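Undergrad: I'll drop the sequence and a predicted model, then ask my questions.
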Number of protein chains: 2
Amino acid sequence: MRVGELAERTGASIRSIRYYEQAGLLAAARKPNGYREFGPNAVERVRAIRGLLESGFTVGEILSLSSCLTATADDCDCCGQTAALYREKLAKIDLQMRTLAQLRERVSERIAALEC
Amino acid sequence: MRVGELAERTGASIRSIRYYEQAGLLAAARKPNGYREFGPNAVERVRAIRGLLESGFTVGEILSLSSCLTATADDCDCCGQTAALYREKLAKIDLQMRTLAQLRERVSERIAALEC
DNA sequence: CTTGACCCTCACATTGGTGTGAGGGTTTAC
DNA sequence: GTAAACCCTCACACCAATGTGAGGGTCAAG
């Protein structure tokens, strides 16, 4: 599919998609006329990227996780350093989830307390 | 305590703390000489702010949740609109937690697969 | 009284993700 | 062939959070 369709399907702007591609987060083949051509996986991938961006990850960080973004990623670039990096990310994710869980509880407490 | 101590205790820069105060996220009394004076709650509050910022919340958004930031907040500014806003936040938090959980699983799969 | 470690305000700079517009090509349909 | 709806690159602009530096107070210890 072309960039417009991908944008429409994912809710991202065309601008953002081009940016993700340029940043290396998203692969796009080129047609002879220069148009980007995306595979069907791109939809899931863009959604994952956006979710992570909204969760406070940086494009650079997402890049370092890119092999985990899509279920169909089997290009295991395996080595010890990668493992260490993944573990680091894991710790960050866990911290973030704890923060969110805490906030979640407080917010729902607030909702419960609103009886006026 | 003064700003330097608060910064040291929370890991935030002095600059950031002043910014949070100016944004209305953090209350600070002033000494006669102009120095900011923070209560002990400020430490928890700054930590909460930073956790949320790192989870992708905006200062503006955090502001709208500020009554939930500290456990000791009893200034229930209760009304239906507030409730709606809280519910919205809750939905956003849940989405974010699902995204993170998904990523978490994929990352740990990756780690498990690294046997080389 | 001076020195050093604090604190203040103001304001410009930077970074990452986007918006937007200029200037221009391609394809489909009339 | 021309209009509409796509696509391209390039480049400037914006916002939020933070860094940083200038210029200047306060205060405790020597």
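TA: Yes, it's here.
Undergrad: hmm, the helix or strand of chain A with the lowest mean pLDDT in reach of chain B?
TA: Every helix and strand in chain A was compared by mean pLDDT, DSSP states H and E; the lowest is helix A:80-113, with a mean of 78. Yes: using CB under 8 Å from any CB of the partner chain, we find that helix A:80-113 touches chain B at A:80, A:82-83, A:86-87, A:89-90, A:93-97, A:99-104, A:106-111, A:113. Bear in mind the C-beta positions are built from the backbone N, C-alpha and C, glycine included.
Undergrad: list the buried residues of that helix.
TA: A:82-83, A:85-86, A:89-90, A:93, A:96-97, A:99-100, A:103-104, A:106-108, A:110-111 (16 or more other CB atoms under 10 Å in any protein chain shown).
Undergrad: and it, does that touch DNA strand D?
TA: No: if you take CB under 7 Å from any atom of the strand as the test, helix A:80-113 misses DNA strand D, and the best it gets is 14.1 Å.
Undergrad: helix, strand or coil for the residue nearest the centre of chain A?
TA: A centroid search over chain A (CA atoms, centre = their mean) returns A:I49, at 1.9 Å, as the residue closest to the centre. Using DSSP: H, G, I helix; E, B strand; the rest coil, the structure places A:I49 in helix.
Undergrad: measure it to chain B for me?
TA: Going from A:I49 to chain B by CB to the nearest CB, to the nearest Å gives 10 Å.
Undergrad: name the SS class of the residue in chain A that DNA strand D sits nearest to, please.
TA: Residue of chain A nearest DNA strand D, by CB to the nearest atom of the strand: A:G4 (2.5 Å). Per three-state DSSP, the secondary structure class of A:G4 is helix.
Undergrad: now A:R36: closest residue in space, sequence neighbours ignored.
TA: Distance criterion CB to CB, 6 or more residues apart in numbering or on different chains; nearest residue to A:R36, sequence neighbours excluded, is A:A28 at 4.1 Å.
Undergrad: check A:G4 too.
TA: Going by CB to CB, 6+ apart, A:G4 has A:I14 as its nearest residue, at 6.4 Å.
Undergrad: thought that neighbour was touching A:A7?
TA: Yes: with contact defined as CB atoms under 8 Å, A:I14 counts as touching A:A7 (4.7 Å).
Undergrad: stretch A:28-42 near DNA strand C anywhere?
TA: Yes: against DNA strand C, stretch A:28-42 shows contacts by CB under 7 Å from any atom of the strand at A:P32, A:N33, A:G34.
Undergrad: what is the burial count for the last one?
TA: Read that as A:G34. Using other CB atoms under 10 Å in any protein chain shown, A:G34 has 6 neighbouring residues.
Undergrad: may I ask you to confirm that it belongs to a helix?
TA: No: A:G34: not assigned to a helix; according to three-state DSSP it is coil.
Undergrad: need the phi and psi values for it.
TA: Backbone torsions of A:G34, given as degrees, to the nearest 10, read phi 100, psi -10.
Undergrad: thanks again, I'm all set now.
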